[in-house]
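**Q** Using only what follows, build the 3D model:
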Amino acid sequence: MSQSSAAQDFVANVQVPQGAAAPLAQEGQEGMGVLPVPTRKSERWKYSPITAMLARPLGTAKAPEGWPADVEPNPVPGLDAYRIVLVNGHVVPEACDLPVA
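**A** Below you'll find the model as predicted:
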């Protein structure tokens, strides 16, 4: 598989989130699709070969299956702050303590 087709496959398989962030995510996905794949002829990528990385199937992380029971829900009791928890790039709502909008 060529670098170009591997990158195109990756972009095509990126899952665009639903909701308010969907238009921005869609725009980002379209932008990724038109960018050239870096090669050794690109000065900034000259010493960073990506051929081996693109030889493996690329994909996005799966959404978490919940919050591990052994993790404390509030690691700093009394801290006056909100918390957003991300696991593999996905928000874990049951671990966040955000106000209801």
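**Q** hey, let's count contacts and neighbours off CA atoms from now on
**A** OK.
**Q** what's around residue 86, how many residues?
**A** 14 (other Cα atoms under 10 Å).
**Q** Let me know the pLDDT of residue 70.
**A** We have a pLDDT of 65 for residue 70.
**Q** Kindly report the same for residue 17.
**A** pLDDT, residue 17: 70.
**Q** What is the burial count for it?
**A** For residue 17, using other Cα under 10 Å, the count is 13.
**Q** Would you mind measuring from the closest residue to it other than its chain neighbours to residue 33?
**A** Excluding its sequence neighbours, the residue lying closest to residue 17 (Cα to Cα, 6 or more residues apart in numbering) is residue 25, at 6.9 Å. Using Cα to Cα, to the nearest Å, we find residue 25 at a distance of 12 Å from residue 33.
**Q** Ok, residue 45 next?
**A** The value you get for residue 45 to residue 33, if Cα to Cα is used, is 19 Å.
**Q** The two: which is more packed in?
**A** residue 33 (16 against 12).
**Q** before we move on, which element is the more buried one in?
**A** Assigned by DSSP states H and E, residue 33 belongs to helix 22-34.
**Q** Pull out the buried positions in that helix.
**A** 25-26, 29, 32-33 (16 or more other Cα atoms under 10 Å).
**Q** Redo those as JSON lines? Include distance to residue 52.
**A** Compiled in JSON lines, the buried residues of helix 22-34 are given as follows (distance: Cα to Cα, whole Å):
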{"residue": "25", "distance to residue 52": "27"}
{"residue": "26", "distance to residue 52": "28"}
{"residue": "29", "distance to residue 52": "23"}
{"residue": "32", "distance to residue 52": "20"}
{"residue": "33", "distance to residue 52": "20"}
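**Q** Got phi/psi on residue 91?
**A** With angles defined as degrees, to the nearest 10, residue 91 sits at phi -70, psi 140.
**Q** Disregarding flanking residues, what is the spatial nearest neighbour of it?
**A** residue 85 is the one closest to residue 91 (Cα to Cα, 6+ apart), at 5.8 Å.
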